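K.L.:
Quick check, what structure comes out for this input:
(2 chains)
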Amino acid sequence: MLGIHQIYGRRRVQLNIILPLLCRYYYASRTDNMLSTNVKTLRKTRNTPSRPVTVARLYSSNKHNSKVPKVPTWEPLGEDRIPSLPQVSSDLVDKLERLALVDFRTKEGLVCLERAIRQLFLRGDTVTEGDCAEKLLPLSNTTVEEYFVAPPGNIPLPRREERASMLKHSEF
Amino acid sequence: MAACTVLVTPLLYVNKQSSLFYYKACNIHRQCVTKKISTSVSRCSSQADPQKKSRPHELVGVVGLEIHAQIQSNTKLFSGSKVGFSAPPNSLVSFFDASLPGTLPVLNRRCVEAAVMTALALNCTINKKSFFDRKHYFYADLPAGYQITQQRRAVAVDGQLAYSLLGGRKRNQIQSRTVRIKQIQLEQDSGKSLHDDQRSQTLIDLNRAGVGLMELVMEPDMSCGEQAAAAVRELQLVLQALGTCQGNMSEGQLRVDANVSVHRPGEELGVRTEVKNINSARFLSRAIDYEIQRQIEALGRGEAVLNETRTYDSKSGHTIPMRDKEGLQDYRFMPEPNLPPLVVYEDRGSVPAGLLGAEGVVVLEGLREGLPELPSVKRARLVRSYGLLPEHSFTLVNEDGLMEYFEAVVKETRKEPRKLIGWVTNELLGHLKHHNLSVSKCPVSPSALAELLELQEAGHISSTVAKQVLGEMWRDPGRRAPEVVREQDLGLVCDSSDLQRVCQRVLDSHPDLVRALQEGNKKVLNRLMGLVQKETKGRADPVLVRSLLEEKTS
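P.N.:
Predicted coordinates:
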């Protein structure tokens, strides 16, 4: 939770934290190849999250088709629509520092923390998404008439008499 | 329905901690102590006198229910996709419901309000701050591999549901009971799986995945299927009155799992089994009774009861063990990292200044005031205002719309409500059930029925004729009672001379009956009356006929 910016808006995409983690394994710039990635390039990307990235998988011949949008898709909300910042005592800050091994002592760190623990946002009850079966079904290898397919489950156990005959017929 | 009762002893309350331990926190495999069991079967009684104690060596059943009620809302609990029944497969699924990476949950305010309203109606204590957790298990209809639920702290705890059992031959003995509610929590529903055994596959439909559920966990205060069915019926009425759940068990909006065990009163609770796949209150009652019976017989044979999950097969009436849910399951509960605590405020005054404008605030005061009239209150009001018997109030409230119908008829007729209730609950309801209609589809309007009963009250037609006319009006909805009576000439014959002639004729043609009556056999009078009625095609005023016959034969 620490380090995650609750970015004002409907969509909260955790680019700041996920991207650097992934980058350690996956990142390749347009000119460098995988093996020449170094720490300096990583630091650069952390501060500019809105730059489009191409990602390639290690040892994979397929080009990685990232589902993460290339540009941010959120809408900024005004400060007045957000609950006010709660107060965090210095004892709590010390405890958090010890637990998370993150340097909090700067003012920015505290502001970052307070923004991360805002009120839980409750959404109104209106339909805003769904109806995208045509996008979801192709994601699965096998589908049967608009259903996803899985191995059989929840079968009642056979009774003892039947189990003996089942063992006889099954192949092992 | 017969025999023994449940005994709630002080020891059972002392064992409350252990019972909670058994019934919710952990599945521990325990061996039940087997002793010599008496031959008589322990069955539940609705005529039970609470003071009566069961014989100390008999096994009694202990039943706790876990109820999942689907919240009636437009959208799902954590995503903005629509909630609907019978939509094309996988058409009401958003990216979050399909657990695609990069999606996050956003809580629906309506679901929180629904859970809080239900908790208020059931007298629960609302936790002002509750937490969301992840419960991990692998199943094809749970795409994320975990379900977001509330394990550490639920929205509401410690409530009570009061229900009544209608006992006695005429179902007029009311026995009031309560069952304690341990907690009410919000959780996600899983998708639906259709098993295709022929092709050895399961088809998954995620339309239901992510829909908000209220899980109501009840303490094991019940002892048989009948009590459980009555409690569930009452809960259905409460949820329907609140509008938080439609409570239709056959459509899966209300799912009940029963935890059944047997023990001797005063001793520790036995090993429990969980019974799933119950589709109606009637099946619930049967499944629980079968399971109690099965466990008693197993213990009688010296076998141990296994802690397992069983499914109820409605065709055979048996419970059968299920394959996938064997053994101890480690759900690896962890706090949901994407959701901060859910805070509910008592009144507008306690809401922090920055939040008041925002739409995302749930305030208890407003919800408490907005609670509609609960079924128990409705029944009490009916008994009080119309002088009805309690069992009539049950029938009126049980049937959707019948109470409003009854009140409409009462308004339009001079007839006493007590006399009217028989017509509504027996005749009208009988017709409705026979034609499998709901009250809203009733072809006879309240004013038409009122008109008919006015005729009967005023003495223009007898009650048998009135029933006949009702049948006519049912078949042909446009026609009103006076019209039918006039057309078929069903009016009561009050003309004394006419009746006298008919009576005389009957008496003359049955001299043996007259002799029997004069010798003191009073029942013969009824036969004579029957004959007179047959002559007059049921139109004779019975009171007048009786007095005439008595006069003539004295």
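K.L.:
quick one, what contacts the closest residue to B:P88 other than its chain neighbours?
P.N.:
Of all residues not flanking B:P88 in the chain, A:E146 sits nearest, at 6.5 Å (CB to CB, 6 or more residues apart in numbering or on different chains). In this view, the C-beta of every residue, glycine as well, is placed from N, C-alpha and C. A:E146 makes contact with A:A133, A:L137, B:P88, B:P89, B:N90, B:S91 under the criterion CB atoms under 8 Å, 6 or more residues apart in numbering or on different chains.
K.L.:
So which of the residues you listed sit within strands?
P.N.:
The strands, defined by DSSP state E, take in nothing from those.
K.L.:
are any of these buried, and which?
P.N.:
A:A133, A:L137, B:P89, B:N90, B:S91 (16 or more other CB atoms under 10 Å in any protein chain shown).
K.L.:
Is it possible to get these out as JSON lines so that each row also shows pLDDT?
P.N.:
Below are these laid out as JSON lines (pLDDT from 0 to 100):
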{"residue": "A:A133", "pLDDT": "92"}
{"residue": "A:L137", "pLDDT": "93"}
{"residue": "B:P89", "pLDDT": "93"}
{"residue": "B:N90", "pLDDT": "94"}
{"residue": "B:S91", "pLDDT": "94"}
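K.L.:
now for the residues you listed, which pair is the farthest apart?
P.N.:
Spatial extent of these (CB to CB) is set by the pair A:L137 and B:S91 at 10.2 Å.
K.L.:
where does chain A dip in pLDDT?
P.N.:
A:1-57, A:60-62, A:76-87, A:100-105, A:109, A:111-118, A:154-164, A:166, A:170-172 (pLDDT under 70).
K.L.:
try it again with 80
P.N.:
Applying pLDDT under 80 to chain A flags the ranges A:1-67, A:73-90, A:92-120, A:153-172.
K.L.:
biggest strand in it by residues?
P.N.:
Chain A, longest strand under DSSP E: strand A:147-150.
K.L.:
quick one: contacts of that one?
P.N.:
Strand A:147-150 has contacts (CB under 8 Å, 6+ apart) with A:137, A:140, A:142-143, B:89-90, B:140-141, B:193-194, B:201-206.
K.L.:
Each with direction, which strands does it pair with?
P.N.:
strand A:143-144 (antiparallel), strand B:201-205 (antiparallel) (DSSP bridges).
K.L.:
most tightly surrounded among those?
P.N.:
Among those, strand B:201-205 has the highest mean neighbour count (mean count of other CB atoms under 10 Å in any protein chain shown), at a mean of 21.
K.L.:
which element follows it toward the C-terminus?
P.N.:
The helix or strand immediately downstream of strand B:201-205 is strand B:212-218, counting by DSSP states H and E.
K.L.:
got a list of what B:E274 touches?
P.N.:
With the criterion set at CB under 8 Å, 6+ apart, B:E274 makes contact with B:D257, B:A258, B:N259, B:V260, B:E308, B:T309, B:R310, B:K325.
K.L.:
With just CA atoms, put the strand or helix carrying it into PDB.
P.N.:
Per DSSP H and E, B:E274 falls inside strand B:273-276. Provided in PDB are the C-alpha atoms of strand B:273-276 (Å, rounded to 0.1, in the frame of the first residue of the first chain):
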ATOM      1  CA  THR B 273     -22.000 -31.800   8.100                       C
ATOM      2  CA  GLU B 274     -22.900 -29.100   5.700                       C
ATOM      3  CA  VAL B 275     -25.800 -29.700   3.300                       C
ATOM      4  CA  LYS B 276     -25.900 -27.700   0.100                       C
END
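K.L.:
Sheet-wise, list the partners of it with their directions.
P.N.:
strand B:254-263 (antiparallel), strand B:309-313 (parallel).
K.L.:
gap between the first one and the chain center?
P.N.:
Its chain's average C-alpha position is 16 Å from that of strand B:254-263, according to CA atoms, centre = their mean, to the nearest Å.
K.L.:
tell me the mean pLDDT for it?
P.N.:
Averaged across strand B:254-263, pLDDT comes to 95.
K.L.:
what's the answer for stretch B:110-119, then?
P.N.:
Rounded mean pLDDT across stretch B:110-119 is 96.
K.L.:
That stretch and chain A, any residue contact?
P.N.:
Yes: using CB under 8 Å from any CB of the partner chain, stretch B:110-119 reaches chain A at B:R110, B:V112.
K.L.:
Quick one: end-to-end distance for stretch B:398-416.
P.N.:
22 Å (CA to CA, to the nearest Å).
K.L.:
got the buried residues for the strand or helix carrying B:L367?
P.N.:
Using DSSP H and E, B:L367 sits within helix B:364-369. Residues B:L364, B:L367 are the ones in helix B:364-369 that count as buried (16+ other CB under 10 Å).
K.L.:
so how far is that helix from its chain's centroid?
P.N.:
For helix B:364-369, the distance to the chain centre is 26 Å (CA atoms, centre = their mean).
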